[in-house]
Structures are given as structure tokens and as C-alpha cells.
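S.K.: when you get a sec, could you give me coordinates for this:
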Amino acid sequence: MSLGVAKHNFFLVYAPDKPDAQREKHFPAHMERGRQLWQSGVIRMGGALLPQDVRATDAGAAEKTCGGFIIVKAESVDEVWAIIREDVFWTSGEVWDRERVTIQPAYIVMPEAKFD
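M.R.: Residues are numbered from 1 along each chain as shown. Prediction:
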């Protein structure tokens, strides 16, 4: 299978929360920075992770998040780590489980996602 050479480098950030995450406390600052990175084209997609038994359409789902994911356009994994380490969810030490955050290079096959 040949997909050709990608035009850009993308990375998938998997950022699970600590068991006692203080997500609400830091959410406004996290979203403000995220919006800036999205508007500049660095963040291409992102969202919250839910426990296995919760669906996005369930009442109260947004209050049950257990982490996040981000698709980042960058030249290197080191560049992505720098972005992540500047986020309040990382710097506060109160949201993301730093020992479990991972960054994985990704080959984007469908570059445009649309959700209703």
C-alpha cells in the first residue's frame, strides 16, 4: 500500500487526566491557548476523552472527561512537546497525568474532518 509522501508532519497527542484532575479550574486558560494555536493552524483537531461507558450524547458527558487528544501540525516531536509543556493542563500539574502523556507521529489520510 502506497499513500505517497505527506505534505506536512502531524502528531497525535494522547493526554490522560490524573485521577483527581482539576480540569474545570484551568479550562478557560487551556481553551484560550488552544484557540490561538488552532487559529494559527498548529492545532488541527482536539477534544476530550471519555470513559469507556460514557458516550458524548449522554447527559453530563462533558463533566466526565478523563483526558484529551490533540492533532498537531509540527516539524518534530520535540516541537510538539514544547507546545504541550506550555499548556496550563501540564504546567499546573493538576490536570494531565504527565507520566502517561504520549506523542505519536501520525500520517493523516483524510485531511479534512467535518462533524455535525
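
S.K.: for this protein, which segments count as helices?
M.R.: With DSSP state H, the ranges of helices along the chain come out as 23-39, 77-85, 88-91.

S.K.: just the ones you listed: most buried one?
M.R.: Most buried of these by mean neighbour count (mean count of other C-beta atoms under 10 Å) is helix 88-91; its value is a mean of 19. Yep, even glycine has a C-beta here, placed from its N, CA and C like the rest.

S.K.: distance check, the residue positioned nearest the centre of the chain against Lys7.
M.R.: In the chain, the centroid-proximal residue (C-alpha atoms, centre = their mean) is Ile70; its distance is 2.4 Å. Distance of Ile70 to Lys7, given as C-beta to C-beta, to the nearest Å: 20 Å.

S.K.: pLDDT score for Met45?
M.R.: pLDDT for Met45: 93.

S.K.: same question for the one 3 residues further on.
M.R.: Confidence at Ala48, expressed as pLDDT, is 96.

S.K.: in this structure it contacts Thr65, no?
M.R.: Yes - between Ala48 and Thr65 there is a contact under C-beta atoms under 8 Å: 3.9 Å.

S.K.: where in this protein is pLDDT low?
M.R.: The chain contains residues with pLDDT under 70 at 1-3, 111, 116.

S.K.: repeat the analysis, applying 90 as the threshold.
M.R.: Scanning the chain for pLDDT under 90 picks out 1-7, 108-116.

S.K.: which residues in it form strands?
M.R.: Taking DSSP state E to define them, one finds strands in the chain at 10-16, 43-49, 67-73, 102-106.

S.K.: and the angle from the last one to strand 67-73?
M.R.: Between strand 102-106 and strand 67-73, the angle formed by their directions is 40 degrees, by axes from the mean of the first three to the mean of the last three C-alpha atoms, to 10 degrees.

S.K.: taking strand 10-16 as reference, get the angle to strand 102-106.
M.R.: Going by the same axes, to 10 degrees, strand 102-106 makes 150 degrees with strand 10-16.

S.K.: strand 102-106 - contacts with which helices or strands?
M.R.: Judged by 3 or more C-beta pairs under 8 Å, 6 or more residues apart in numbering; DSSP states H and E, strand 102-106 is in contact with strand 10-16, helix 77-85.

S.K.: I appreciate the help and will end here.
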